[in-house]
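[1] Sequence first, then the predicted structure, then my questions.
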Amino acid sequence: QVQLVESGGGLVQAGGSLRLSCVMSGSGFSIDDMTWYRQAPGNERQLVAGITSGGSTNYADYVKGRFTISRDSAKNTVYLQMNSLKPEDTAVYYCYARARRVSSRLWLNYWGQGTQVTVSS
C-alpha cells in the first residue's frame, strides 16, 4: 500500500530551525510533484513549498528566504528545511504527492497524516 509518512515536527523557539521529512512508502510507482502544505487552527490549508520531479521549486511569499524544499528521488523522500522560524509558522504541516503506479496511466493524489510544528515566542 502506498502512503506518505511525515516526521520531524516538534516544538522550537522563535528563530530556531526544524527539518521535516516525508517518505512515500511502497514500490512500483512514479512520483511527480511533491508539496508541503500547512494548516493552522481556524485557517484553511495553505501551500508552503513545492518541488517538481525535475527539481524546480516554488515557495509561498511568507516562507521565501527561510524555508528550503528538496527531494531525494532515489529515496522517494521530500524535505523541508525551516530556518528562522516564527510563531506564525505554527501549524500542522502536510506532505502531498502526485503519483501513479508504473503499470497505470492514472495519477493519484496522496496526503500524509501531518506533523505538528509549534514555534514559541
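    Cool, got the structure.

[2] helices and strands around the helix or strand hosting Met34, which ones?
    In this assignment (DSSP states H and E), Met34 forms part of strand 29-39. On a contact count with 3 or more CB pairs under 8 Å, 6 or more residues apart in numbering; DSSP states H and E, strand 29-39 meets strand 18-25, strand 46-51, strand 77-82, strand 91-101. Glycine gets a C-beta too; all of them are placed from N, C-alpha and C.

[3] Check those strands for me and report the most buried one.
    strand 77-82 (a mean of 22; mean count of other CB atoms under 10 Å).

[4] What helices and strands are in contact with that strand?
    In terms of contacts (3+ CB pairs under 8 Å, 6+ apart), strand 77-82 is packed against strand 18-25, strand 29-39, strand 46-51, strand 67-72, strand 91-101.

[5] same thing but at 10 Å, please
    Helices and strands touching strand 77-82, by 3 or more CB pairs under 10 Å, 6 or more residues apart in numbering; DSSP states H and E, are strand 3-7, strand 18-25, strand 29-39, strand 46-51, strand 67-72, strand 91-101, strand 115-120.

[6] Arrange these in JSON lines, one row each, with mean pLDDT and distance to Leu85 as further columns.
    Formatted as JSON lines, these follow (pLDDT from 0 to 100; distance: least, CB to CB, whole Å):
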{"stretch": "strand 3-7", "mean pLDDT": "94", "distance to Leu85": "17"}
{"stretch": "strand 18-25", "mean pLDDT": "96", "distance to Leu85": "7"}
{"stretch": "strand 29-39", "mean pLDDT": "95", "distance to Leu85": "12"}
{"stretch": "strand 46-51", "mean pLDDT": "98", "distance to Leu85": "12"}
{"stretch": "strand 67-72", "mean pLDDT": "97", "distance to Leu85": "9"}
{"stretch": "strand 91-101", "mean pLDDT": "96", "distance to Leu85": "11"}
{"stretch": "strand 115-120", "mean pLDDT": "98", "distance to Leu85": "5"}
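
[7] can you tell which of the ones you listed is closest to Ala60?
    Proximity to Ala60 (CB to CB) singles out strand 46-51 among the helices and strands packed on strand 77-82, at 5.6 Å.
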